[in-house]
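# Predicted structure and sequence below. I'll ask about it afterward.
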Amino acid sequence: PQVHTPGDLGASDFTHMSSLRITIGRQPFDHLLYHFTLTYSNWESVSVCFSESFEAFSRGLQDALWKLGGVPRKHRSDSLSAAVNNLSEDREFHARYRDLMEYYRVDPQRINARKAHENGDVESSHGHLKRDIEQALLLRGSRDFATREEYESFLEELMNKRNASRSPRFDQELEVLGELPPTKVDYRTQVRAIKVHGSSTIQVKRNTYSVPSRLIGHRVDVMIDADFIEVWYGDVLIQRMPRLIGAGKHAVNYRHVIDSLARKPGAVLNY
């Protein structure tokens, strides 16, 4: 039996949004929502992301807590790859997740294997949330948004309406939530001294990105955000590009490699 008390538990999960057929500038917008819920009042927060990465999780959770203005005593997740190391025999929490929970003085919990109902509040809320988004899209008359910011504003307005109906129980939660720390934790990941290969590419999180050919043989630093990566050479920002999702992917800009190809006779003949 799941008996909820004010300020005790917050739950997190990701949900795919492809079924709602959202477009940005009439182009398909394939994305997920990070979804946080207080299990007593069902107060909730969402943020747009593109993978179940730790960066997306940390950004979404911290944004939710700062909107909330406090922290619950416990936080529960399912087998989020961002939070739980599913490759280990006992599914140890990743060190960064544990450090994040300690920083906010929250007790981390996870559901048991194959027991999705133990995270039922946020799981069931996915369906209600998508239903309400679908209804709001029908009333709006279009699933297309000019920019991502316009879409996020649409979601924020909808979340405010949903949360407004939860005020009596939410007020009880506010009275007992813990205090926020002075600042947020930087959710990004920094990787230093990555060597630029002769192909003018670097390897980041098992994916391949091209960089300007003048950097071949040098080492660069990479800042990994939830949505993009930045490449730095010393204190100079070389480029920012969308983060590839998954593994074994490639993002190659021909301008990065054309100079070296042009120096090879016949390399681009009739290309």
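Okay, I see it.
# What residues of stretch 14-32 count as buried?
Across stretch 14-32, burial judged by 16 or more other CB atoms under 10 Å covers 14-15, 17, 22, 24, 29, 31-32. Bear in mind the C-beta positions are built from the backbone N, C-alpha and C, glycine included.
# Would you format those as JSON lines with pLDDT, distance to Arg169 and secondary structure included?
Formatted as JSON lines, the buried residues of stretch 14-32 follow (pLDDT from 0 to 100; distance: CB to CB, whole Å; DSSP: H, G, I helix; E, B strand; the rest coil):
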{"residue": "Phe14", "pLDDT": "93", "distance to Arg169": "25", "secondary structure": "strand"}
{"residue": "Thr15", "pLDDT": "93", "distance to Arg169": "23", "secondary structure": "strand"}
{"residue": "Met17", "pLDDT": "95", "distance to Arg169": "27", "secondary structure": "coil"}
{"residue": "Ile22", "pLDDT": "97", "distance to Arg169": "31", "secondary structure": "coil"}
{"residue": "Ile24", "pLDDT": "97", "distance to Arg169": "35", "secondary structure": "strand"}
{"residue": "Phe29", "pLDDT": "96", "distance to Arg169": "33", "secondary structure": "coil"}
{"residue": "His31", "pLDDT": "95", "distance to Arg169": "30", "secondary structure": "coil"}
{"residue": "Leu32", "pLDDT": "95", "distance to Arg169": "27", "secondary structure": "strand"}
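# Spatially, which two of those are the most separated?
With CB to CB as the measure, no two of the buried residues of stretch 14-32 lie farther apart than Phe14 and Ile24, at 19.5 Å.
# Can you give me the buried ones in the lowest-mean-pLDDT helix or strand in the chain?
Ranking every helix and strand in the chain by mean pLDDT, DSSP states H and E puts helix 254-262 at the bottom, with a mean of 79. Within helix 254-262, the residues scored as buried using 16+ other CB under 10 Å are 256-257.
# Same question for stretch 230-245.
Using 16+ other CB under 10 Å as the test for burial, stretch 230-245 gives 230-231, 233, 238-239, 243-244.
# from those, which two are the most distant?
Largest separation among the buried residues of stretch 230-245 by CB to CB: Tyr233 and Leu244, giving 20.6 Å.
# quick one, helices of the stretch 151-271 of the chain?
Under the criterion DSSP state H, counting those that start in this stretch, the stretch 151-271 of the chain carries helices at the ranges 167-176, 254-262.
# The shortest one: how far from the chain's middle?
Mean-position distance between helix 254-262 and its chain equals 33 Å (CA atoms, centre = their mean, to the nearest Å).
# Contacts only, for Phe170.
Applying CB atoms under 8 Å, 6 or more residues apart in numbering to Phe170 gives the contacts 38, 41, 43, 163.
# Mind putting those residues into JSON lines with secondary structure?
Listed next are the contacts of Phe170 as JSON lines, based on DSSP: H, G, I helix; E, B strand; the rest coil:
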{"residue": "Leu38", "secondary structure": "strand"}
{"residue": "Ser41", "secondary structure": "coil"}
{"residue": "Trp43", "secondary structure": "coil"}
{"residue": "Asn163", "secondary structure": "helix"}
